[in-house]
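Participant: structure here, sequence nowhere to be found:
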Ligand code: SAM
Ligand code: SF4
């Protein structure tokens, strides 16, 4: 075992799974009762839920729905990924960008192209983006400085109704001083997926490049947090190894960061392996996750770490996404392209196949019709409510007084500036309904903020 990651203790995880995972209705119900107290769950409790049989699924989902509703209400944060480069020195067996895929046309967008992509996304109504790149950062374009230039280019773009207010990044692990420069560049969350916590599987699927080093990757958040980036986003690529092992290990990763820095993961992403060009493995994942298990994973995570955002991408179909909204997902991407230049019309193959191809406005209109409040809020990050400060507000339930008005306000901005008739109609109804549900003081604040927006003011937040 390597000292750098001995906190992962895979043998203990396996022992917990052997000891606890069985379908024990009494135990499962006791854990669900505890989860409703909103204090999260320990490893044995998470393992107990992993063992819940199909006859207990509805009870599991009902508890997850309750917890989601309590903490996140009807808000759903929207974002889009911005792929700037598919140049990559690694060979991850599941990915179209892997160095071994010689058929893929390689591109690292220049700053004009990055600005053009950003402009297109701002014109659609986006305020939050996730910058994504292969590892290697195109030496021809300046190595790591290329990323910093790209971040600047995104923030520079201003269109009639707005600009990008929060740029998160999903980038390969960096050195401490690079993380410091990333922080200075004004990123929101630093996101990185471990892919799998199962070392033998990790070694088998990462064939070449720096990414072969498991420990370098699993210690990246420690370097990021030491560099002052306190919002980090974890993830596992489901389909590589047993999902029960993965979520218990993810819990250990979160606990490890909490012990070191007083705060764990700001978000968890749940990418499930999709077919990718030039990747035979992606067509037949070694540990496929069924739709039922996928929904179960989301529900269990929601109960285990109630204050951690759960992110669902357009890898999943519209139908699955619809089902997952209530189970605990708090952020979704929409209208995504996973090829650099894709928003400006480039048709090179993306990183993997998408399941939901609908444009942003259609997703928004549907969310509003379902009673959700699509939110473009970026207030916490811009007011310094990040990391531990965010959790200190979230855990006693105080963040709701901020999130609810910010969500309806940013949604009204969308509706007025970009919304189709369908989005506008469903949006106004959903906002009116949301106001009815707010406590009197929060509602007064929200109404004041909404009045500013109707009077032409923009970027109003609390
Ligand atoms: N290249 C960096 C890295 O690997 O960390 C940055 C992000 S990579 C472009 C984004 C993520 O896409 C990976 O972490 C991986 O989990 C996911 N991914 C790769 N191939 C995939 C596939 N076939 N289906 C679904 N997700 C995939
Ligand atoms: Fe490169 Fe990331 Fe794809 Fe691996 S997952 S091949 S590191 S882009």
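Facilitator: Done, it's in. All values reported here derive from a predicted model rather than from experimental measurement. Ligands and ions are numbered 1, 2, ... in the order given.
Participant: which parts of the helix or strand of the chain with the lowest mean pLDDT are buried?
Facilitator: In the chain, the helix or strand scored least confidently by mean pLDDT, DSSP states H and E is helix 387-394, which has a mean of 80. Neighbour counts over helix 387-394 (16 or more other C-beta atoms under 10 Å) mark 387, 390, 391, 393, 394 as buried. For the C-beta atoms, the positions are set from N, CA and C on the backbone; glycine is no exception.
Participant: ditto for stretch 308-317
Facilitator: 308, 309, 310, 311, 312, 313, 314, 315, 316.
Participant: contacts only, for the second one.
Facilitator: For residue 309, the contact set (C-beta atoms under 8 Å, 6 or more residues apart in numbering) comprises 77, 233, 266, 267, 268, 330, 331.
Participant: poorly predicted segments of the stretch 301-450 of the chain, please.
Facilitator: The stretch 301-450 of the chain contains no residues with pLDDT under 70.
Participant: burial measure for residue 455, as a count.
Facilitator: 7 (other C-beta atoms under 10 Å).
Participant: quick one, helices of the stretch 351-462 of the chain?
Facilitator: Secondary structure of the stretch 351-462 of the chain (DSSP state H, counting those that start in this stretch): helices at 360-369, 379-382, 387-394, 400-417, 421-437, 440-454.
Participant: and the stretch 151-300 of the chain, which residues reach ligand 1?
Facilitator: 170, 171, 172, 192, 193, 195, 237, 271, 273, 274, 276, 282 (C-beta under 6 Å from any ligand atom).
Participant: residue 258 sits in which helix or strand?
Facilitator: Counting by DSSP states H and E, the element that carries residue 258 is helix 243-261.
Participant: for that helix, buried residues please.
Facilitator: 243-254, 256-257, 261.
Participant: then stretch 47-58?
Facilitator: Quick answer for stretch 47-58 (16+ other C-beta under 10 Å): 47, 48, 49, 50, 51, 52, 56.
Participant: so the third one sits against residue 42, correct?
Facilitator: This means residue 49. No: applying C-beta atoms under 8 Å, one finds residue 49 not in contact with residue 42, separated by 11.3 Å.
Participant: mind telling me which residue of the stretch 201-350 of the chain is nearest ligand 2?
Facilitator: When scored by C-beta to the nearest ligand atom, the stretch 201-350 of the chain has residue 211 as its residue closest to ligand 2, at 5.1 Å.
Participant: what secondary structure does that residue sit in?
Facilitator: helix (DSSP: H, G, I helix; E, B strand; the rest coil).
Participant: that one - how many residues pack around it?
Facilitator: Around residue 211 there are 22 residues (other C-beta under 10 Å).
Participant: with adjacent residues omitted, what lies nearest to it?
Facilitator: Spatial nearest neighbour of residue 211, excluding adjacent residues (C-beta to C-beta, 6 or more residues apart in numbering): residue 90 at 4.1 Å.
Participant: what ranges do the strands span in the stretch 201-350 of the chain?
Facilitator: 232-235, 267-269, 309-312, 331-333 (DSSP state E, counting those that start in this stretch).
Participant: could you dump those into CSV with distance to ligand 2 added?
Facilitator: Formatted as CSV, the strands of the stretch 201-350 of the chain follow (distance: least, C-beta to the nearest ligand atom, whole Å):
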stretch, distance to ligand 2
strand 232-235, 11
strand 267-269, 13
strand 309-312, 17
strand 331-333, 17
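Participant: rebuild those as TSV, extending it with distance to residue 166.
Facilitator: Output for the strands of the stretch 201-350 of the chain, formatted as TSV (distance: least, C-beta to C-beta, whole Å):
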stretch	distance to residue 166
strand 232-235	13
strand 267-269	12
strand 309-312	13
strand 331-333	11
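Participant: list the contacts of the residue nearest to residue 105 when sequence neighbours are not counted.
Facilitator: Residue nearest to residue 105 in three dimensions, not counting chain neighbours: residue 348, with 5.1 Å by C-beta to C-beta, 6+ apart. Contact partners of residue 348, counting by C-beta under 8 Å, 6+ apart, are 86, 104, 105, 107, 339, 340, 341, 342.
Participant: ok, residue 232 next?
Facilitator: Counting by C-beta under 8 Å, 6+ apart, residue 232 touches 189, 190, 191, 192, 221, 224, 225, 257, 265, 266.
Participant: nice, that's everything, thank you.
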